[in-house]
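Peer 1: Structure, please.
(2 chains)
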Amino acid sequence: MSEQQFFKVIIDNVSIDVPAGTTILEAARKIGGDVAPPAMCFYSKLKGSGGKCRTCLVEVSKGSEKDPRPMPKLVASCRTTVMDGMEVKNITSSKVTDARAGVVEFLLLNHPLDCPICDQAGECHLQDLSYEHGKAGTRYEFQRRTFKKHNLGPYIQLHMTRCILCYRCVYTADQLTNSRSHGVLDRGDHAEIATFIENNLENDFIGNVIDVCPVGALTDKTFRFKNRVWFLKPLDAHRDCPKCTGKVTLWNRGDEVFRVTARKDEWGEVEDWICNECRFDKKKTSDWVIEGPRNISRHSVISQGHYVNTITSQETFEAVNEGRQPKLLFDIHSKSDVNKTGVSLSLIDGPAVSTDFTS
Amino acid sequence: MQSLTSRAKAVERSPMTFLEQLYLWNILKGMFITFLHIFKKQPTIRYPEQKREFSRVFRGLHVLNRDSEGRENCTACGLCAVACPAEAITMEAAERLDSEKHLYREEKYAAKYEINMLRCIFCGLCEEACPKDAIYLSETFTPADFARKNFIYNKSDLLIPHRINQAEELSAAKGL
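Peer 2: Here you go, the predicted structure:
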């Protein structure tokens, strides 16, 4: 095995050479764009992930050069490795789009319509998936599953009803932290993410489960209900952290740091894992060296109101009025209660409650 | 020169006739037109005694709705604010305490909710964006005022009165 073998695959009529042992999904991601199947459970940085959600189903219309028979069923592209001369159909196959709509319907069977409340809304993979591949209605007529609420400590908020059991957070805890204290308990409809004995999740890198969660099941408690992601301004920033790389995305509003997350690539996967201290404790702009605005896809709701390459007209008032500023007729802060100067929502530990506003 | 429209008329510059020089004739012509208007239907109404009927799709002052149990519908999801083309809506969300379950329908609610009526263009996009049936544009005008600060409407201005606890205010708001 001194020389690496390369296989030629054709995905949606685009051909690419990839090393042997690459999965179809990763080969498709190398092509990029719409060709890459969506993935809810597969995470390229977590060993053993994938094969659970079935959203990445593709049709293999030609098995390989030696055995050109098509595969009898749709295959999960995250778990199927490529063969030489394989031909794969993703968006060009009506079978795949139909199956994917069915998978989305199944994923949404028990998923609550929580999006107006959920902090993940706007960057939720399930939201994107159902918007692109799903149907508007549901045929499910029964009660959605509910769970006893578990408290996972001061940093991580668990909403089990939103969970799609992708196991990403379990793998994250296994592969990133020294000991895993949460896991999937029970079976079938009762399966839930929890700590068996009420236990706080407090490992140095456990905060990463928030980033890997494709839905809003695990969210940042320090950011809970503070703001919506599309009103925040994502900034690339770094700090000198002894535990991790310290490369993060800050989610600011003005100078207030509302949330710190890892940087995510175009597939929604983190670039560098970050530690809990960076994520939860460094909530001041002065803690960070800001590199510049984070590039957000134009199609994301997060980029609403963020304009690039615009030319702002020059203000001429001062120049023609001998340096005088225009007269301010009404200062909005003198009346408005929202975004009061001197009150920082971002500095409250948990979600704001009514008593935070009365004082 | 070629005229731009077919209705263009050349200006007549011939000297005035005797009748035109008197001016009286033209004044009488004008007065006659004015006189004819007395017999026409009046377009004006006697506001405020008389009021015009609103269109069924009239978009006026916003109200924040309550559900059948009198709990606030709004969960501060921010969709109205993101839909607002004038950026008039701002809000701050908070988590509902256990003791406040009778006040707010969902676990998250709008602790602060403000509409800047100076910015609002009454397009109704907030109403369309709302997933919780919380905001509606009613059939009332935003009252005129002298100070800018009185156009910042907060939750106490917008929220519909409670069906039981504030029955009088509700019927007053309905104009009954």
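
Peer 1: From A:Glu318, how far out is A:Leu176?
Peer 2: Distance, A:Leu176 to A:Glu318, by CB to CB, to the nearest Å: 54 Å. To be clear about C-beta, it is placed using only N, CA and C from the backbone, and glycine gets the same treatment.

Peer 1: The two: who's more crowded?
Peer 2: Shown here are A:Leu176 and A:Glu318; by other CB atoms under 10 Å in any protein chain shown, A:Leu176 has more neighbours (20 against 12).

Peer 1: Identify the residues contacting the nearest residue to the more buried one once chain neighbours are set aside.
Peer 2: Closest residue to A:Leu176 apart from its sequence neighbours, by CB to CB, 6 or more residues apart in numbering or on different chains: A:Phe205 at 4.5 Å. Contact partners of A:Phe205, counting by CB atoms under 8 Å, 6 or more residues apart in numbering or on different chains, are A:176-177, A:244, A:273-276.

Peer 1: In terms of distance to chain B, which of the residues you listed ranks first?
Peer 2: A:Asn276 (22.0 Å; CB to the nearest CB).

Peer 1: pretty sure the closest one contacts A:Pro154?
Peer 2: No: between A:Asn276 and A:Pro154 there is no contact, the gap being 10.6 Å when judged by CB atoms under 8 Å.

Peer 1: More neighbours: those two, which one.
Peer 2: Neighbour tally, A:Asn276 and A:Pro154, criterion other CB under 10 Å: the higher count belongs to A:Asn276, 19 against 14.

Peer 1: Which pLDDT does the model give that one?
Peer 2: A:Asn276 carries a pLDDT value of 91.

Peer 1: interface residues of chain B facing chain A?
Peer 2: Within reach of chain A by CB under 8 Å from any CB of the partner chain, chain B has these residues: B:75-79, B:81-82, B:90-97, B:100, B:106-108, B:111-112, B:114, B:116, B:131-132, B:148-149, B:152, B:154.

Peer 1: make it 7 Å
Peer 2: Residues of chain B lying near chain A by CB under 7 Å from any CB of the partner chain: B:75, B:77-79, B:82, B:90-95, B:97, B:100, B:106-108, B:111-112, B:114, B:131-132, B:148-149, B:152, B:154.

Peer 1: Next, the distance between the ends of stretch B:65-75.
Peer 2: 11 Å (CA to CA, to the nearest Å).

Peer 1: and the nearest residue to A:His159 once chain neighbours are set aside, how far is that from A:Thr81?
Peer 2: Nearest residue to A:His159, sequence neighbours excluded (CB to CB, 6+ apart): A:Ala217, at 5.3 Å. For A:Ala217, the distance to A:Thr81 equals 30 Å [CB to CB].

Peer 1: So for the two, which residue has more residues nearby?
Peer 2: Between A:Ala217 and A:Thr81, counted using other CB under 10 Å, A:Ala217 has the larger neighbour count: 25 against 15.

Peer 1: Nearest residue to B:Phe122 in space, please, no chain neighbours.
Peer 2: B:Arg59 (4.7 Å).

Peer 1: how near is the one you found to chain A?
Peer 2: Distance of B:Arg59 to chain A, computed by CB to the nearest CB, to the nearest Å: 22 Å.

Peer 1: who touches that residue in this structure?
Peer 2: B:122, B:124, B:137 (CB atoms under 7 Å, 6 or more residues apart in numbering or on different chains).

Peer 1: for A:Gln127, same thing?
Peer 2: A:115, A:121.

Peer 1: Determine the three-state secondary structure at it.
Peer 2: At A:Gln127 the chain is in helix, as set by DSSP: H, G, I helix; E, B strand; the rest coil.

Peer 1: what do you get for the one 4 residues further on?
Peer 2: Remark: A:Tyr131 carries the secondary structure label helix [criterion: three-state DSSP].

Peer 1: need the helices for the chain, in chain order.
Peer 2: Unless you meant another one, I'm taking chain A. Ranges of helices in chain A, per DSSP state H, are A:24-31, A:94-107, A:125-133, A:168-176, A:208-212, A:276, A:317-320, A:354-358.

Peer 1: nope, chain B
Peer 2: B:18-22, B:24-37, B:79-83, B:125-129, B:155-158, B:167-174.

Peer 1: So which of those is the most surrounded?
Peer 2: helix B:79-83 (a mean of 21; mean count of other CB atoms under 10 Å in any protein chain shown).

Peer 1: shaky segments in the chain?
Peer 2: Reading this off chain A. Counting by pLDDT under 70, chain A has low-confidence residues at A:1-2, A:359.

Peer 1: Hmm, no, I was thinking of chain B.
Peer 2: Along chain B, the model assigns pLDDT under 70 to residues B:176.

Peer 1: What segments of it are strands?
Peer 2: B:62-64, B:89-95, B:108-116, B:135-137, B:152-153 (DSSP state E).

Peer 1: What pairs with the shortest one, parallel or antiparallel?
Peer 2: Neighbouring strands of strand B:152-153 in its sheet, by DSSP bridges, are strand B:108-116 (antiparallel).

Peer 1: Quick one: work out the angle between the partner strand and strand B:89-95.
Peer 2: Going by axes from the mean of the first three to the mean of the last three CA atoms, to 10 degrees, strand B:108-116 is angled at 160 degrees with respect to strand B:89-95.

Peer 1: can you list the residues that contact strand B:108-116?
Peer 2: Against strand B:108-116 from outside (CB under 7 Å, 6+ apart): A:117, A:225, A:336-338, A:352, A:354, A:357, B:62, B:64, B:72, B:74-76, B:88-96, B:151-155, B:158.

Peer 1: Ok, stretch B:84-104 next?
Peer 2: Under CB under 7 Å, 6+ apart, the answer for stretch B:84-104 is A:224-225, A:338-339, A:345, A:351-354, A:356-357, B:71-72, B:76, B:78, B:80-81, B:107-116, B:119-121, B:123, B:125-126.
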